[in-house]
Structures are given as C-alpha cells and as structure tokens.
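Visitor: Generate coordinates for the sequence data below:
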Amino acid sequence: MQRSALTAVAVLGIAAGAAAAPAHALRAVTATPTAPTALHDCRLRHPLGLYSLPARCGRFEVPLDHAARGGRRIALRYAIVPPIERQTAAAPLFVLAGGPGQSATDLYASAAAAFAAIHRSHAIVLLDQRGTGGSQPQDCAYPQDFTRGAAALAEITAATRSCLAKLGPDVRFYTTEEAVADLDALRRHLGYARVDLYGASYGTRVAIEYLRLHGAAVHAAILDGVVDPTQPLGPTTPLDGQRALDLIVARCAETRDCATRFAELPRDLTTLRQRFGPDTVEVSLDDPTDGEPLTVPFSRDLLAAALRLMSYDGRSAALLPLFIHEGAKGRLQPLAAQALLTVRRVEGQIAIGMQNSVVCSEDEPFFPADVDSPAVEASYLGSEQLDALRRICAIWPRGPVDPLLHAPLRSDVPTLLLAGEDDPVTPPAWARAVAAGLSRHRLLVLAGEGHGQLATGCVPKLMADFLRLEEPERIDVRCLSTHRPVPFFLAPTGPGP
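Guide: A predicted model of the protein is given here:
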C-alpha cells in the first residue's frame, strides 16, 4: 500500500461566511463563458479504462505563489462538459475531488452517471486541482507493503526524501489556499458570474474555503462527506474508523439473518485482532486483478487495511461479517484479496506529493497534544498511521495556509450536506458541526452508509432538485424513507432470501 498520508489519513478533509445574494438574484448567472478561451474536443477516461466521455478541454496559467508579485507560473488543466439543454440559465457546477490528491476529471469520469440529472441543465466544470491529474501532478512512489515498526518508518523516511528530491521545494505551494485562488481564477477566466459547487470528502474543505473567501460568487453548494474545518485530519481517524466498524457489527446483530448466521461476530473480530498483533502468516490466493497465484504476508496492517477500506462503502461493508467470520476460521483469502483490490483501485488516483503538501501544511501542525490516547491505541488502526504521518511531515515543507482555515464557516449560501451514518473518515458529527454555521441548509444522513453519498439511492435526484429549487427546505426527501443499506452477505453467493 502506498505509505503516505493515504495510509495515515486516507481521506481526504475550512472560515467567515460570505453572504448570499438576495433570492431574486440567484438566477443572475452566466451559463456559458462570456470570454471563450481556446478549448478542444477531448475524452475523459474512466480511471480503470472502462469507458470515456466527451468534453471540451483547455489549459490556463496561474501564479505558482498567488501572494507573490510575478514569479513562476504553472499551467492547469480543466474540462467543461456542456449541458444537454444548451439554452439553460443554470449556474455551472464545479466538481471538487477528494483525496487529497484525486483529480476532478477522474472523479467525474468514474461517477458521471450520478451527475446525469444535474448535467441536463448544468455545465460541469472540472479543474484538476494543482498537483493532481493534468495540473502539474505531484506523483511519488511509496513502499507497497503492510509492515510496521522501525523498519516501516525507515522505508517511509527514505521514500519521502526521495519524493521531495524529485519534486523540489515548490511542493509547499500545492495547498488548499492556492487551489482556491486557482478555482476563482478559472471562474473569472471563463466569465462565470455565479457557480454551483459539489465537493466530495477533502473537496468539501476546498468548497468551504471557497465559500469563506468567494461566497458572493456561489449560487449553491453540495458538501458530501463533510470535513469539519475545526478538525485537523488524522488524530480522530482511528477512533472514527473504530466507530464505523462497531456500527456495522451492531447492525448485523440487529438484523435477524445476519445475527443468526454470524452469532459470534464480536468474538470472531476479537480473535482476528488478537492473532494479528505480533503474528504474520503467509496467505496464498489468486491475484484479485489477474488471477495469477500470489502469496502475501497477512499482518495486523493488512487486517486493518481490509477492515477500514471495506467500511468506506455500503456495498463492501455488506461483506464484512462474512469475511471476518471466515478469517477467524483461518480462511484469510477473502480479506486479503479485498484489501489488495481496493488499494490497487485507489492508489493510481492519488497524487501523493500533493497529499503530503496539504496534510503536512494544514493538518499535522494542528494535532492536539493528547493524540496518542489509550482509545487510539485500543482501536484496530492503532497509532501507526499517525506515526507514519508525523515522520513524513517532519521532512515535508509547509506551505501557505489561510489563518482562518480551521475556524467555523458562517454562510448564507444555500447548502446541501450529505453524510453516511457509518462513515469511517468524516462522521456525521462533522456535517452537523458545519451545518450549525449555515443559515440556509439541509443535512441528510443516510442510515447504514459509508463515505460519500453521490451515487446512493435517490441522492442524485435530490442534488438536482436542490440546485433547481434553490431553497434547501423545499427538497422532497420522501424517497429516502424507503432507502435501506445493502443487505449483509450470508455466503459468498449473496444475502439470504
């Protein structure tokens, strides 16, 4: 697994509120650029190569350091997916990706179907945040293993120094503050008077900071998997992960078929955790990607990775009781295969250098003194990921950070907040904390769901309705009353009848 903030934080995750325009002015937006720039036809490719989508792509230059006068400039890639209804008056939707380190074009290409209802009347604007995708990508390689202790930290140190030597000291300018300045520069470059925002995970930090600094240019915002600006990313990750796992285990116990099939699930989990304290065993399996024979060392780190990554999504969480039960019986292949498959799926989409710049500038310096609490040590993640993050950030340069980044947001901009009850990285409490500072908002918490609700149930329709109706309280959310999380698998073939 890539050892960086991806393993240490693996999210993502900023204050005074800008007043919204009067209600009668909300439609005073420019749906197409008033000063068109050189755009060309292009294809946005799914990160796994499954398909591609047509778009119009371009590049524009911004200062490396927005606070400096003159100096180096960098080119950023963006794409516009024109609306189906070409005469629309709706504001364009700017999509802000997570990670930190994921590109907006990758996010949209992998989830375009979830934006289909919005896309009918809204242009979709995708700026690859500086350091990601086609915008000066800050890519580095880290050890792909699941070892721990002094040897692992030594590998992390060497990989971080090598990464920094490759990228150079300018990595300090790949932070949220600079990215928000880029985003507004693109809005002005394209001639848009007002825009809508969709932010996912770390993208909600970018959206919140944009609302703070440029709220007058925002028509409405959707925050999905909300990062509380008052909370640095990292210190609560082990506790949030443990909370989500506990909720999944409790939900199994409250579900008749799951409780009957896995009556000893808490004991099975304890058995696994106790076994893989000091012990590591070699597990032989068919490679989940190409089917070739593969042997992997199953360790506490691999177990933690499997538990955490499967907790992110309601579909994989539905497999957890079965896989925990099988693992406790000595059949570790399902857990190992799922962890490897998920790691491979996400590792190529995260620009590790950019992630380091964000987390080491904006989060690690703000860790509380009691981060190594007994509760953290008792969690299935423990403190190893935090130790890795500290090691990286002791080396990585710090960049510009808005002094108000970690202050609460105050805003009158209409905002829809989405949260999963079982989210292991941005718990619903964070969305509630942000909502407290929003005078016009609607918070939807989906039972039994994990991190990110973009494609969950009727959420895509609700997002489109929100942007159309403009007032959060007017959204008809009755479709959520029938929502149920994916039922637990009782066997590899699926749930019970």
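Visitor: ok, so what distance separates S103 from Y51?
Guide: Here S103 is placed at a distance of 17 Å from Y51 (Cβ to Cβ, to the nearest Å). Any C-beta I mention is one placed from the backbone N, CA and C, and that applies to glycine too.
Visitor: out of these two, which sits in the more crowded spot?
Guide: More crowded of S103 and Y51, by other Cβ atoms under 10 Å: S103, with 26 against 12.
Visitor: helices and strands of the chain: which one bottoms out on pLDDT?
Guide: Lowest on mean pLDDT, DSSP states H and E among the helices and strands of the chain sits helix 5-8, with a mean of 38.
Visitor: Against which helices or strands is the next helix or strand after that helix packed?
Guide: Following helix 5-8 in sequence order, the next helix or strand is strand 40-45 (DSSP states H and E). In terms of contacts (3 or more Cβ pairs under 8 Å, 6 or more residues apart in numbering; DSSP states H and E), strand 40-45 is packed against strand 52-63, strand 73-81, helix 104-111.
Visitor: can you redo the ones you listed as TSV with distance to P92?
Guide: Below are the helices and strands packed on strand 40-45 laid out as TSV (distance: least, Cβ to Cβ, whole Å):
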stretch	distance to P92
strand 52-63	12
strand 73-81	8
helix 104-111	13
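Visitor: Identify whichever of those lies nearest to P460.
Guide: Closest to P460 of those, according to Cβ to Cβ: helix 104-111, at 9.4 Å.
Visitor: So what's the gap between the closest one and the chain middle?
Guide: 12 Å (Cα atoms, centre = their mean, to the nearest Å).
Visitor: In that helix, which residues are buried?
Guide: The neighbour-count check on helix 104-111 (16 or more other Cβ atoms under 10 Å) flags A104, T105, D106, L107, Y108, A109, S110, A111 as buried.
Visitor: now stretch 285-301
Guide: Neighbour-count burial for stretch 285-301 flags L285, P288, L294, V296, F298, S299, R300, D301 (criterion: 16+ other Cβ under 10 Å).
Visitor: next one: stretch 486-497
Guide: Neighbour counts over stretch 486-497 (16+ other Cβ under 10 Å) mark F488, F489, L490 as buried.
Visitor: and which of these is nearest R194?
Guide: F488 (44.5 Å).
Visitor: how far away is that closest one from R261?
Guide: Counting by Cβ to Cβ - F488 and R261 are separated by 8 Å.
Visitor: what is in contact with these two at once?
Guide: P321 (Cβ atoms under 8 Å, 6 or more residues apart in numbering).
Visitor: List the beta-bridge partners for R56.
Guide: D41, I80 (DSSP bridges).
Visitor: how close does it get to R120?
Guide: Counting by Cβ to Cβ, the gap from R56 to R120 is 17 Å.
Visitor: returning to what we had before: point out the most buried one among the helices and strands packed on strand 40-45.
Guide: Stretch with highest mean neighbour count among the helices and strands packed on strand 40-45: helix 104-111 (a mean of 24; mean count of other Cβ atoms under 10 Å).
Visitor: could you give the angle of it to strand 40-45?
Guide: 60 degrees (axes from the mean of the first three to the mean of the last three Cα atoms, to 10 degrees).
Visitor: Show residues contacting helix 104-111.
Guide: Applying Cβ under 8 Å, 6+ apart, the external contacts of helix 104-111 come out as 44-48, 52-53, 77, 79, 81, 95-98, 115, 124, 126-129, 132-134, 200, 203, 349, 454-455.
Visitor: Please check these and keep the buried ones.
Guide: 44, 47, 53, 77, 79, 81, 95-98, 115, 124, 126-129, 132-133, 200, 203, 349, 454.
Visitor: Among those residues, which lie within helices?
Guide: Those of those mapping onto helices are G203, per DSSP state H.
Visitor: Filter the buried ones among the contacts of helix 104-111 down to the ones in strands?
Guide: L44, L53, R77, A79, V81, V95, L96, I124, L126, L127, A200 (DSSP state E).
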